[in-house]
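*Asks:* heads up, no residue letters with this:
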């Protein structure tokens, strides 16, 4: 731990944090937020591609002289008690996380490497055999609004103060779970019908991939469905919603790339339970379900209109809204967030705050 | 009818066409395509807002000295045998169409004023009592790929050579019906389950509305769900799909505005009929259903990948694709098109070609 | 003045601030930054259009229950010592400023109403006779990096701690003056040749105007020169550069709208003084001139490459760069900034910090 | 030469054309226009990257079964009398052009390989020694509106009917020369003062480069000056303007990338000749100069307002406009065009029409 003088006469203790994979969109966003976090001290940032360059190049206003370094060099500096954020591909996280844990650091992983409880699901959804199934049991699923307590048996759990490894949820998964879970918990939905999930996301959601299809002139007038029925967030969402419903959930999920930089919306279509349609499109049960779930939640807003991620851009807020289509007995639920904040870096810091026992909104309040 | 010398020694007869509402996005697009149509002669274009201005201002390269004029002035020039395109709001079309028909002109209406057979549906979906229900029986629903014959009893029909009034389909409706109808006709779908339709469209789809929410800085980073479960294309799609299925169809439809200029995708989620899931994600029945519907169709392409409207921008083509999600027994079907061409002006010209007995692709082939 | 408990045991005194014209792009940006300013307390926000609506609607995460109110209501609450930001059109500022000053408030005006010293220039550049020429002498021109001292005779001056009225510079003017003035002060430029200034700006720079030309579909593929040789920032820039050069400066300025939301670049072309071309494209005199001007400046970065506003988006930083084209003996200087931050709200807060005697970067450090 | 039945009973002779480098933005655009050219028959298209793929994949509606092939395979099919378009990098054009010419084909090169008359200029501006200086003398500079006659001695020349090699002008160069040359020819400009040229272009102007800086999320909110004072179009523009002025011209040119797909504007700043300023901002000499140059020109429009490339998108038209700033005695001239049409593919077809003795607008009229 490092310490430096705060604004008052008492010394504020700052935790040493390391950011691996800091040149990607999520990694850069982490650095931006951490720079103004009152209790974190960025002790290092790694990037294979940008090793040697100053952090203050891509991030205007970055205080001090930090330079990107290779992963191994940063790994060497992971001391007991430090917090390491992994904004790396799943394969890289799988090799970094055990090394960091063994050095006494705590790990918040932004990839999918530790999100699923069942190792057997990895080959189908991620394309690899999971090399460390034991870690899946230790990993807490870091969606604090819905999983506040250390995990019930067989269930993903939020990080407790003593947690060592946090799986930070996917961007689509965060929006989908926050929008849908309360409706399942409140038993507003026919539990036997599969859930349809249609997601739309800006280009930073795909990461900084050097592919022709991601060039400006290719994306600027495109609407591009991808991973139809095969998106890797599917099992993660099913896992969390299954906990909310109390039985397995079947979800079909299709993602679409749309031409903006940051922001996503998920639109979920659920079969309403018998009788609900008679309550009208604004059935009060819907608002009640959300209220029960999110009373006091700082980073989820229940909206009376369909949400637009433009309204929460640059914030750690997820907007949710649901309405009933009585004609077809369909519940339509929306979640909207900034994929780089509540969908990645912001939520990771929220998880860090929990690990450190801080107020959840520390360093995250930015209208 | 006017005539002028063609490229060969034979004289090509050109039909006199009038474009009402020519300053909107669909109206301007109509003018652009009609200018190079070998059998049409644009005899006038109306716009209340731009009356008096030369057409060659907004349309670079416009041949000749045409000026926009007010609707009533253009109406006066509608002679027997002329074709009038109405790119006007439904309310305006409702007053223009009868006047034009009574003068002996034929009418292709791009609004929703004549798309629904049941006058009773207008108050709910369009917000007005339909003033001319008799015209609804006469109007042909102009989706030539699926409704080639003059209407079966009780059904919308494509324009026959002798038709006088064509209801040009909505942009979302065109993509949705083309993507879904063959799957219903081929009995690949559980007929009892409601259909979920999720649409995403660029900003020209909303028309040229002077609203704060449509300013560049408001749209550029937005993804905006709208008319959730209440979009006026819903009954139009249900009507056409009901004909394909042979029984009433229930559809829940939600539209989303995304930040591009032209192009839309619809993503449809349908419950597969029992047993189909066992055929795998690429069940050959799907391709077979599309082949049966679109063999020989010039303007529908059956794709092996999910379509992107960028791939058909500026063309009259609708791309369709479907795949099965065996895990959830869901058929996922996509339609993508340029909302100003196949979704509006291009399809209107396709309908004109039918009225005139021309080859369907006359004036519409433009890679 | 209001006070409330800070994080430490000492009480932090917060100054009461009012934001007039808070629903425009600059006004909303002011609210966002003020909400996290440690020494400001937003006591009210006015908007004729949005009066009655909660501020937390457009600004996700806004703390507390503030509502927009009409200008007159907010004016009533301007107490002695308060700071009023005017993010209003020049005409509105001209009526609000005297009323606020007479109530004892201090005024930071973001319009052009008080930027020019010569009242005679207003009819030509702003289209109105200036109604309060006496206030022009009192107004300090708020570009702190270049005008740190209360005004020399006949010259615009930065706000002193005791100042009452600050004219916040225009967005283009800020970038242009910061990029060019040091080159003039260092005598690198032929003083007799007119300066060519070519600006490019995103759509928020034009304000939230409800005009067809500002709709998404009109801007998205446009590059639009405007106010060619007639932009109202011209005399403001000439006035400031004249002070730097010590003699009158002639500037021809053309602005261009380009399709982004926030950010601008100015590209300035200046005739190099005799002999400088021989020093090569990277003549060390250039870097030296900037170093002399901006050593220690927190919000101006001297770059070794041409700057891109994307690199300073969301920050109060202006990037500058200059290079010599020896072939044509032309100095090419660039300034890039976020038009809503360093070009408007951020600089206004920087000026507030000066009025309050705070560190210049208070509340403005946000990587 | 191939022939196929036209619309009339006479057979229309079509020239066999080949497109090298057909998978880039200019190459694809060439294919789109050639597909509807009444006198061209696309006999092949090459792309190293896309070899083997059907042309109908990227170009919806492409008639027939053409596939991309490697350059050498296409070269083999270049027969006597064929026309080869080179939409390849300059280095590739340098090796393809001699081989094609030796086979009897005619070559229209869209790169800079043959645009400069002086081989000595290549190392500085293009970074290579020119390997075939003799070809520079044979190449006609293909800007038909200004260079209608086969080259005067020592001057670039437009393609004559008998020409074998055409250097198609650069996109920026086309706009700049068309906007500026008439003002020089009419002696409205001080011949001793250097010309300032500031260009802004969309992302397709940079070609389909797989670089991180060209990803959607990097370009979408950027304004990026590049090749400051060093753009390779500089000597090409100086060469053409020198012919217009009758003496050497010095030009300083800076380009800027802005976030649109297609379209560019150049803004030129020229010192007015003595006395012109007294004529006022709309000095009639300006309109007269343009009229003298472009009376009868099909593809240059003289505008009364500053032009926006959105107004000519998808057309072969270049809009020009100029105005005088009397305060600074500066002439400000603008040229706007679609960089893929008049700036590349369209102009190349215009040059083909000249080689074939066709009407200049054959296949190019598309409002």
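*Replies:* Noted; the coordinates are in hand. If you're wondering where the values come from, they're calculated on a predicted model, not measured in any experiment.
*Asks:* what helix or strand is residue A:196 on?
*Replies:* Assigned by DSSP states H and E, residue A:196 falls within strand A:195-201.
*Asks:* Counting by contacts, list what the host helix or strand of residue A:290 packs against.
*Replies:* Residue A:290 belongs to helix A:284-294 when elements are defined using DSSP H and E. In this structure, helix A:284-294 packs against helix A:171-185, strand A:300-302, strand A:318-325, with contacts taken as 3 or more C-beta pairs under 8 Å, 6 or more residues apart in numbering or on different chains; DSSP states H and E. Any C-beta I mention is one placed from the backbone N, CA and C, and that applies to glycine too.
*Asks:* Return the list of helices and strands in contact with the strand holding residue A:196.
*Replies:* Against strand A:195-201 (3+ C-beta pairs under 8 Å, 6+ apart) you get helix A:171-185, strand A:251-257, strand A:264-271, strand B:195-201, strand B:264-271.
*Asks:* so for the second one, what's the average pLDDT?
*Replies:* So that's strand A:251-257. Averaged over strand A:251-257, pLDDT sits at 98.
*Asks:* roughly how far is the helix holding residue A:290 from the heart of the chain?
*Replies:* 22 Å (C-alpha atoms, centre = their mean, to the nearest Å).
*Asks:* from the helices and strands packed on helix A:284-294, which stretch is densest packed?
*Replies:* Each of the helices and strands packed on helix A:284-294 was scored by mean neighbour count; the highest is helix A:171-185, a mean of 28, by mean count of other C-beta atoms under 10 Å in any protein chain shown.
*Asks:* Wondering if that one reaches chain B at all.
*Replies:* No. With C-beta under 8 Å from any C-beta of the partner chain as the criterion, chain B is not reached by helix A:171-185; the gap is at least 11.1 Å.
*Asks:* returning to what we had before: dump the helices and strands packed on helix A:284-294 to CSV, plus mean pLDDT and distance to residue A:285.
*Replies:* Formatted as CSV, these follow (pLDDT from 0 to 100; distance: least, C-beta to C-beta, whole Å):
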stretch, mean pLDDT, distance to residue A:285
helix A:171-185, 98, 9
strand A:300-302, 97, 13
strand A:318-325, 98, 9
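*Asks:* Turn those into a markdown table, columns for distance to residue B:70.
*Replies:* Converted to a markdown table, the helices and strands packed on helix A:284-294 look like this (distance: least, C-beta to C-beta, whole Å):
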| stretch | distance to residue B:70 |
| --- | --- |
| helix A:171-185 | 49 |
| strand A:300-302 | 48 |
| strand A:318-325 | 41 |
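*Asks:* Go through those and name the closest to residue D:123.
*Replies:* Set against residue D:123 and scored by C-beta to C-beta, the helices and strands packed on helix A:284-294 come closest in helix A:171-185, at 49.6 Å.
*Asks:* Contact residues of chain A facing chain D?
*Replies:* Contacts of chain A with chain D, taken as C-beta under 8 Å from any C-beta, map to A:25, A:202-204, A:208-212, A:214-221, A:259-261.
*Asks:* What about the residues you listed, which are in helices?
*Replies:* Here DSSP state H is the test, and the residues of chain A next to chain D give A:25, A:216, A:217, A:218, A:219 as lying in helices.
*Asks:* Next, count neighbours for the third one.
*Replies:* A total of 23 residues lie near residue A:217 under the criterion other C-beta atoms under 10 Å in any protein chain shown.
*Asks:* Distance of it relative to residue D:220?
*Replies:* Applying C-beta to C-beta, to the nearest Å, the value for residue A:217 to residue D:220 is 11 Å.
*Asks:* just to revisit the earlier point, got JSON lines for the helices and strands packed on strand A:195-201, with distance to residue C:351 too?
*Replies:* Listed next are those as JSON lines, based on distance: least, C-beta to C-beta, whole Å:
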{"stretch": "helix A:171-185", "distance to residue C:351": "38"}
{"stretch": "strand A:251-257", "distance to residue C:351": "42"}
{"stretch": "strand A:264-271", "distance to residue C:351": "37"}
{"stretch": "strand B:195-201", "distance to residue C:351": "44"}
{"stretch": "strand B:264-271", "distance to residue C:351": "47"}
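*Asks:* Check the burial of residue A:13 by counting its neighbours.
*Replies:* The number of residues packed near residue A:13 is 13, by other C-beta under 10 Å.
*Asks:* Can you verify my assumption that it contacts residue A:39?
*Replies:* Yes. Using C-beta atoms under 8 Å, residue A:13 and residue A:39 qualify as a contacting pair, with a distance of 7.2 Å.
*Asks:* Name the nearest residue to the closest residue to chain D within the stretch 1-150 of chain A, sequence neighbours excluded.
*Replies:* As assessed by C-beta to the nearest C-beta, chain D sits closest to residue A:25 within the stretch 1-150 of chain A, at 6.9 Å. Nearest residue to residue A:25, sequence neighbours excluded (C-beta to C-beta, 6 or more residues apart in numbering or on different chains): residue A:204, at 4.3 Å.
*Asks:* And the pLDDT for residue A:333?
*Replies:* 98.
*Asks:* what's the answer for residue A:284, then?
*Replies:* 95.
*Asks:* could you pull out the helices for chain A?
*Replies:* With helices called from DSSP H, chain A shows them at A:25-35, A:71-76, A:90-102, A:121-126, A:133-138, A:171-185, A:216-219, A:233-245, A:284-294, A:346-355.
*Asks:* and those helices, which one is worst for confidence?
*Replies:* Of all these, mean pLDDT reaches its minimum on helix A:133-138 (a mean of 94).
*Asks:* in it, what's buried?
*Replies:* For helix A:133-138, a neighbour-count test (16 or more other C-beta atoms under 10 Å in any protein chain shown) marks A:135, A:136, A:138 as buried.
*Asks:* Which residues are in contact with the first one?
*Replies:* Spelled out, it's residue A:135. The neighbourhood of residue A:135, defined by C-beta atoms under 8 Å, 6 or more residues apart in numbering or on different chains, consists of A:97, A:98, A:101, A:114, A:165.
*Asks:* Surely the first one and residue A:88 touch.
*Replies:* Going back to what we said before, that points to residue A:97. No. In this structure, residue A:97 is not within contact of residue A:88 by C-beta under 8 Å, at 9.5 Å.
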